[in-house]
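# all I have is the shape, not the residue letters:
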């Protein structure tokens, strides 16, 4: 057995093998669903479980990973310190996974694969959400930049160290594919995704499985609606404002008719719940029609399709885009949110500059294992910062750089 600090032993098997007996999935999957028994395997071959499918094992590995636990203290929309009731990246990921399982079940797809892609889709996020990502991307442009989707692949293939025989989590090809391109084909991958693809080719130019497409739509549905819930709770949105959006106005009118005389504060939850139901039902109906019209009969057909098959109807797609435009204008770009984003950017950019100037300011193995040559040196520093939680990043900034004035919420 290799020592904890020793090199990972050479793999005697080529990438993409599954060893041992495979758990037999239920027979009711659609012909175009992804089947565990037909997986392209793992980079490092392992004996598979007789009681769980390979995708179920992937899900369990994500849940037990350090990166997944850290999502508890990473920003979704509101920085984690603003209140116990606001969503974090962790609770958002769990909500996306629940929606993905429901959609997959109704479409006769593999629920475990849809769930694991949903659970892992935000693993690569920096502290402070998208504002932290933008700041980290800006300070690493000279070494290829930073992208949270690509960083999720880097985490699960390299940076998690939980197993004696290999770096990463050794997830199946189909899970890695779903993480890489759940939002669609990738024609021009950045350095991190290109590196993962070179090691274990992910067919980046094709569409992903329907399970990965389900996870992507579940993400849209979850944050479209749950950000409304959090925005109302924070007092940055009002129901009067929201009713300027036709989709919301229609839902609010229906909820009011069903529950006359009920206080508006209680009806807000009904609005969000009914809107999620309307979107889910729309995706199921439209996807069934798209699959039937396309004639796909296998996972290979899905990957070769000319367009995404899991999707909103044209009417719902337009309504959902209107809602997104409203949310950007009134919530994501609210002055209070912009002030928080500016402070978050200063923390992330400041840490990167400080560590690049003096790597001794880093901690533990991150300090002792830093490469000396670029771009590996800068990417190592970015890996360290990207893994931080909101509060840890603030703590490290104050220890390494000094005091920082933070707006309300920090």
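Cool, the structure landed. This structure is a prediction, so every number in the text was calculated from the model and none was measured. Numbers count the residues shown, from 1 in each chain.
# what's near enough to touch the closest residue to residue 388 other than its chain neighbours?
When the adjacent residues along the chain are set aside, residue 388 lies closest to residue 127, with 4.8 Å between them (CB to CB, 6 or more residues apart in numbering). Yep, even glycine has a C-beta here, placed from its N, CA and C like the rest. The neighbourhood of residue 127, defined by CB atoms under 8 Å, 6 or more residues apart in numbering, consists of 74, 75, 344, 347, 348, 385, 388, 389, 390, 392, 393.
# what do you get if the cut-off is 10 Å, keeping everything else the same?
70, 73-75, 79-80, 89, 133, 135-136, 344, 347-348, 351, 385-394, 396 (CB atoms under 10 Å, 6 or more residues apart in numbering).
# so it: helix, strand or coil?
Assigned by DSSP: H, G, I helix; E, B strand; the rest coil, the conformation of residue 127 is coil.
# repeat that for residue 97.
With three-state DSSP as the basis, residue 97 sits in helix.
# that one contacts residue 71, doesn't it?
No. Applying CB atoms under 10 Å as the test, residue 97 and residue 71 come out as separate, 12.0 Å apart.
# what do the two both touch?
The contact lists of residue 97 and residue 71 share residue 119, where a contact means CB under 10 Å, 6+ apart.
# who's more crowded, those two?
residue 97 (26 against 22; other CB atoms under 10 Å).
# ok, the more buried one - contacts?
With contact taken as CB under 10 Å, 6+ apart, residue 97 is in contact with 59, 62-63, 111, 114-121, 215, 218-219, 222.
# what do you get for residue 111?
By CB under 10 Å, 6+ apart, the residues touching residue 111 are 25-26, 29, 33, 53, 55-56, 59, 97, 100-105, 211, 214.
# same check, this time on residue 406
79, 81, 339, 340, 343, 344, 346, 347, 394, 397.
# with respect to residue 322, which of those is nearest?
residue 340 (25.5 Å; CB to CB).
# tell me how far that closest one lies from residue 321.
25 Å (CB to CB, to the nearest Å).
# and if you look at residue 158?
36 Å.
# more neighbours: those two, which one.
residue 158 (17 against 12).
# list the residues that contact the closest residue to residue 387 other than its chain neighbours.
Spatial nearest neighbour of residue 387, excluding adjacent residues (CB to CB, 6+ apart): residue 70 at 6.6 Å. Shown in contact with residue 70 (CB under 10 Å, 6+ apart): 89, 90, 123, 125, 127, 387, 388, 389, 390, 392.
# name the element residue 70 belongs to?
For residue 70, the host element (DSSP states H and E) is helix 66-70.
# run the chain-centre distance for that helix.
12 Å (CA atoms, centre = their mean, to the nearest Å).
# and if you look at stretch 103-114?
18 Å.
# with adjacent residues omitted, what lies nearest to residue 299?
Once chain neighbours are set aside, the closest to residue 299 by CB to CB, 6+ apart is residue 34, at 5.4 Å.
# surely that neighbour touches residue 107?
No. Residue 34 is beyond contact range of residue 107, at 11.7 Å (criterion: CB under 10 Å).
# which one of those two has more residues nearby?
Counted by other CB under 10 Å, residue 34 and residue 107 do not tie: residue 34 has more neighbours, with 28 against 24.
# what about that one, distance to residue 28?
Residue 34 is 14 Å from residue 28, by CB to CB.
# residue 222 now?
26 Å.
# with residue 321 instead?
Residue 321 is 35 Å from residue 28, by CB to CB.
# try residue 384
Residue 384 is 46 Å from residue 28, by CB to CB.
# looking at these two, which has the bigger crowd around it?
For the pair residue 384 and residue 28, the greater number of neighbours falls to residue 384 (22 against 7), based on other CB under 10 Å.
# quick one: contacts for the nearest residue to that one once chain neighbours are set aside?
For residue 384, ignoring the flanking residues on the chain, the nearest one in space by CB to CB, 6+ apart is residue 366 at 4.6 Å. Going by CB under 10 Å, 6+ apart, residue 366 touches 355, 359, 380, 381, 383, 384, 385, 387.
# which pair of those residues spans the longest distance?
Farthest pair in the contacts of residue 366 (CB to CB) is 359 and 387. Separation: 15.9 Å.
# between those two, who's got more neighbours?
residue 387 (21 against 18).
# so where's the chain shaky on pLDDT?
Residues of the chain meeting the criterion pLDDT under 70: 1-27, 76-85, 407-410.
# looking at it, residue 128 is touching residue 349, isn't it?
No. Look at residue 128 against residue 349 with CB under 10 Å: they stay out of range, at 11.3 Å.
# which one of these two has more residues nearby?
Using other CB under 10 Å, the more surrounded residue of residue 128 and residue 349 is residue 128, with 28 against 17.
# I'm done for today, thanks for sticking with me.
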